[in-house]
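Chemist: below are the sequence and a predicted model; questions follow.
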Amino acid sequence: MKWTEDIQGEIPVQALMEYLELWDMLEDISVQEGIPDRHIWRLSASGKYTAKSAYGALFEGALSFAPFERIWKSWAPPKCRFFMWLVAHNRCWTADRLARRGLPHPDHCLLCDQEEENIQHLLIGCVFARQFWYDILHSIGLAALAPQSDVSSFDDWWDKAVLTVSEDARKGLNSLIILGAWTIWKHRNDCVFNGATPRLSTALNLAREEALLWSLAGARGLSPIHSS
Ligand SMILES: [Zn+2]
């Protein structure tokens with residue numbers, strides 16, 4: 001039953017995220033009265049469609065979609081895939097982004113209280129995050145993949161980590177990394193919005209509970225996490 005409640009509980013959050021996303025896309029657009037709309041082909045400098053620019057865009061898309069392949073090749077539920085999509089676009093509402101919009105934001109990362117918060121720090125640079133990844137990966141015998149202190153890009157780390165395991169294990173590892181990132185984000189939100197105290201054991205328990213739910217929903221390869 002908890003799974004159902006969780007999903008229902010996420011719907012308003014997702015709707016809000018979509019609203020913010022739309023806001024983001026429209027913020028540079030101003031509607032001018034009396035001027036008729038016209039079509040602009042954004043992929044060419046002239047604003048006019050050409051087959052060449054469309055063909056070129058196909059390859060551009062192929063290159064910039066690398067993280068998405070990892071997101072789709074996972075057992076993660078849609079809410080978490082959507083979150084990873086925001087991460088890949090650097091569009092999570094962390095302190096840096098809130099500050100740019102002049103919105104209230106935490107002065108420091110809530111999880112370490114040492115550095116400024118942005119999504120790369122939160123998911124990979126933060127001492128809290130690094131210990132979290134170590135513990136999660138250690139529980140499945142992959143502690144060697146835990147991010148070191150010199151890693152600053154979550155996507156680069158993920159990219160390299162996945163290449164170190166066999167092809168059969170990649171979907172499981174992708175799922176685990178998405179689950180971990182989602183857990184850090186949820187724990188961070190609990191600290192920001194509910195005044196929770198950051199605690200590694202709380203985050204690890206949350207990850208185990210999520211892993212169990214995902215396994216029940218059909219994700220194979222996550223059982224070592226929730227039974228550890
Ligand atoms: Zn931090």
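Modeler: Received, thanks. Residues are numbered from 1 along each chain as shown.
Chemist: hey, let's count contacts and neighbours off CA atoms from now on
Modeler: Noted.
Chemist: contacting residues for the residue lying closest to P198 once chain neighbours are set aside?
Modeler: Spatially, and ignoring its direct neighbours in sequence, P198 is nearest to L111 (5.5 Å; Cα to Cα, 6 or more residues apart in numbering). L111 makes contact with 122, 126, 128, 188, 198, according to Cα atoms under 8 Å, 6 or more residues apart in numbering.
Chemist: show me these that map onto helices.
Modeler: Judged by DSSP state H, the subset of those located in helices is 128, 188.
Chemist: can you put the contacts of L111 in a markdown table and add neighbour count and pLDDT?
Modeler: Converted to a markdown table, the contacts of L111 look like this (neighbours: other Cα atoms under 10 Å; pLDDT from 0 to 100):
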| residue | neighbour count | pLDDT |
| --- | --- | --- |
| L122 | 25 | 97 |
| C126 | 24 | 96 |
| F128 | 21 | 97 |
| R188 | 22 | 96 |
| P198 | 18 | 96 |
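Chemist: quick one, phi psi at the spatially most central residue of the chain?
Modeler: Central residue of the chain (Cα atoms, centre = their mean): M84, 2.9 Å from the mean position. When read as degrees, to the nearest 10, the backbone of M84 gives phi -70, psi -30.
Chemist: I'd like the distance between it and R100.
Modeler: M84 is 21 Å from R100, where distance means Cα to Cα, to the nearest Å.
Chemist: with L142 instead?
Modeler: To R100, L142 is 38 Å away according to Cα to Cα.
Chemist: please say which of these two ends up with more neighbours.
Modeler: Ranked by neighbour count (other Cα atoms under 10 Å), L142 and R100 place L142 first, with 16 against 9.
Chemist: and S46, how many neighbours?
Modeler: A count of neighbours around S46, defined by other Cα under 10 Å, yields 10.
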